[in-house]
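Asks: this one's sequence-less:
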């Protein structure tokens, strides 16, 4: 109840995973008589799976609406007011209100709040280079972005695609475009794709993608895009070469969308994301929460803040925020940096620290790499997999795992994610009671094979 | 070195997973000049995957030798003396020697040892009922057993198979026989198959197996086997009915094979398995180790000893024994009771305690069951899965997880196995950073959905 005895008002900025999870969870705890909920969304959709866009573009998911977990009408039916195509343009922290502009009518108005949730997401990095705004150049962050890319694909006769960047969005988009019959070139600043892996593991991804017919150009800095007289993109230029392109997809990564928050004087971290406490409350602000791609999260292995844009974190944040904003209590302790992706039938997974991260953090470590299979070697369909494991020097504490393989490879990283969360040593991991039967695993699970080798190396290096 | 300056002798009884892993690991640490290793094996094979027998019988694995990880000649090439078809008939603990009989020549002799490894495995339960020794009745514990069953299948024209027992060996053998075109009936003492699950989860297995054309008879006690004048089995009889059978497979479970150990006065537990310390040393005996299916293991959730016959434990035991017998140091802390199996495309997994186990241990708990999918709901191939989770009343400590589903279901239990090992609460599990991408998981992994529901129930029941 507010001071006048009416319901409190919770305002949510951003209608995707974090924002609408928060709204839904708060509604579960507090009925409309106690808590009014208003959500502003700049785009035309709510609660969709941005992570599903590559599969929609690639045709695995036949239509856009399948990506929508909950449409605006469903939220409205639960007593959540949703204002679509309405952009919040200012947060007045002292006055506890937000200003919003309806994109179609351009009408502006202030909405007061008692509690505020900032879930403004992230925006794709779009380098400030000539031609970057040409027709045919696409980020893939929102459903609207995905639709725009599909429109371009439909009205562009050529079949040459260039993906700039080779992170997980890049490789997923490369697969999507291969599936649609495009000749795909990836132009990548790093030496190997998937910079979230160590280069030796990225090299395995490189080889597999090359075998799929994808051309990967490494160590290449894009200098600009060449456009035709019709304003459409024609090629991607680097210092050394030019790659013809009928369509360009940006997969360079994303940055937290915190322009509004910054202008409102809210605390941002060194990666540009909002800083929160464990309850996802913006630091120093009792009645403001933030979650999803616009915040920094605690890396539990490093003990430092990082920015990781991932739907699964956004949903967890929303759940925690909604619980707290609804009068309950919940915390989000942090992440260990788990990510899985696939390109065609290649599965790629990582959790914890890469060699680079460990070195930067001043940690000494042992690294081992092993080859194993997804099932008992004699069982049909046993697929090869490579597991790399990092353990802290002398203590043997697990620091990170990377896996590249075929079917059954990626989700094995979850074992390491839980072990990292629990602070286990690789020696302790060798005794883990993981599920074994020939159709599911060799008698030593690949993760255990890696742990054994890591434990032996730690022991051998300990005087 | 022994007192005379010659090499010590390590004698191993049993040439499969635990015994030969121990021998191999000891050999890695100590060369033949320091340690002589002699392994006795009653059968004709070493180091094979007993767990693979159902897939060999079913035809997924085309030939027997694929199940052999390391043949006797390979062990011999590494300086391990292997005596096949030689049965140890007595352990003289005081005299530090074993008596063995060559099965072919019947010659007997004593072999002294400095260190002894007992890895005598388990034997299938074979109830003392009329007809149990008839031609066509088979256990499937050893490669020799598997060959005998295949010989029966080859020389038996009929196509009706009865599997007695519905544990994991039973369901795997049911699949094998279905794959070979048999009409399969399972006769089971319990109400539902897979008594390693709670009956509500076993019910899901029942339904799926029935849909595969397998007939399951529950609550049925076998009273005897009817045999024909040729001495071959004809039918399996229960109190109420008779089930025609051209072949019968015993899947009632196994017991530790500890006859020798018992006669030698070595300590056995209440399940009939040898009792060891964490280093897998037989309690009270400095120079005798035991591992694999003949020992009891510590259940880390219950804090009690159990008997679990599983190749993955046997391999771990062997590794630990070999390290210790070779002069190193290693321990096997225990198990959490993880097991995975499949019948056709149904995947079945469990770890930790069932309701029955928790009750028997005097633990109060909350149980929840959820339905989810293996991939994002919109992603092709998303398969349904049911996850049941038990959490301790008030504390919320995870007690157990059971999963029944299709592709991608079984190995998800590993997350719970690690969480059990780490002593996590279901509330802590809700924040686990598990790998997420649409081809691999819904945005909330099914294990996390179960953890959320369990945590909510624990909180609701806590005053």
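Replies: It's in. Computed from a predicted structure; not experimentally measured. Residues are numbered from 1 along each chain as shown, chains lettered A, B, ... in the order given.
Asks: next structured bit after the helix or strand of chain A with the lowest mean pLDDT?
Replies: Within chain A, confidence by mean pLDDT, DSSP states H and E is lowest for strand A:122-124 among all helices and strands, at a mean of 90. Remark: after strand A:122-124, the chain's next helix or strand is strand A:137-138, criterion DSSP states H and E.
Asks: one step back: who touches the least confident helix or strand of chain A?
Replies: Residues outside strand A:122-124 that contact it (Cβ atoms under 8 Å, 6 or more residues apart in numbering or on different chains) are A:139-141, A:145, A:250, A:252-257, A:293-294, A:309. Just so you know, the C-beta spots here come from the backbone N, C-alpha and C atoms, and that holds for glycine as well.
Asks: in its sheet, what does that strand sit against?
Replies: Take DSSP bridges as the rule and strand A:122-124 pairs in its sheet with strand A:254-256 (antiparallel).
Asks: quick one, what contacts the spatially most central residue of chain A?
Replies: What sits nearest the mean C-alpha location of chain A, by Cα atoms, centre = their mean, is residue A:310, with 2.7 Å. Residues near residue A:310 by Cβ under 8 Å, 6+ apart: A:51, A:293, A:339, B:436.
Asks: go with 10 Å
Replies: Each residue near residue A:310 by Cβ atoms under 10 Å, 6 or more residues apart in numbering or on different chains is listed here: A:17, A:50-51, A:168, A:292-293, A:297, A:316, A:335, A:337-339, B:433, B:435-437, B:443.
Asks: and the gap between the residue nearest to residue A:394 when sequence neighbours are not counted and residue A:456?
Replies: Once flanking residues are discounted, residue A:394 sits nearest to residue A:462: 5.3 Å by Cβ to Cβ, 6 or more residues apart in numbering or on different chains. Distance of residue A:462 to residue A:456, given as Cβ to Cβ, to the nearest Å: 11 Å.
Asks: higher neighbour count, those two?
Replies: Per other Cβ atoms under 10 Å in any protein chain shown, whichever of residue A:462 and residue A:456 has more neighbours is residue A:456, with 15 against 11.
Asks: quick one, phi/psi of that one?
Replies: Main-chain torsions, residue A:456, degrees, to the nearest 10: phi -60, psi -40.
Asks: pretty sure it contacts residue A:449?
Replies: No: counting by Cβ atoms under 10 Å, residue A:456 stays clear of residue A:449, with 11.0 Å between them.
Asks: between those two, which contacts overlap?
Replies: A:368, A:430.
Asks: let me see the domain layout of chain A.
Replies: If you go by automatic domain parsing, the domain ranges for chain A are A:8-123+A:255-325, A:126-252, A:339-460.
Asks: mean confidence score for stretch A:93-101?
Replies: Across stretch A:93-101, the average pLDDT comes to 98.
Asks: please, where are all the helices along chain A?
Replies: For chain A, the helices defined by DSSP state H cover A:17-29, A:53-58, A:72-77, A:143-155, A:168-179, A:199-211, A:259-263, A:311-325, A:355-360, A:413-421, A:426-429, A:446-460.
Asks: can you add mean pLDDT and give those back as TSV?
Replies: As requested, the helices of chain A are exported to TSV (pLDDT from 0 to 100):
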stretch	mean pLDDT
helix A:17-29	97
helix A:53-58	96
helix A:72-77	97
helix A:143-155	95
helix A:168-179	94
helix A:199-211	97
helix A:259-263	98
helix A:311-325	97
helix A:355-360	97
helix A:413-421	98
helix A:426-429	98
helix A:446-460	97
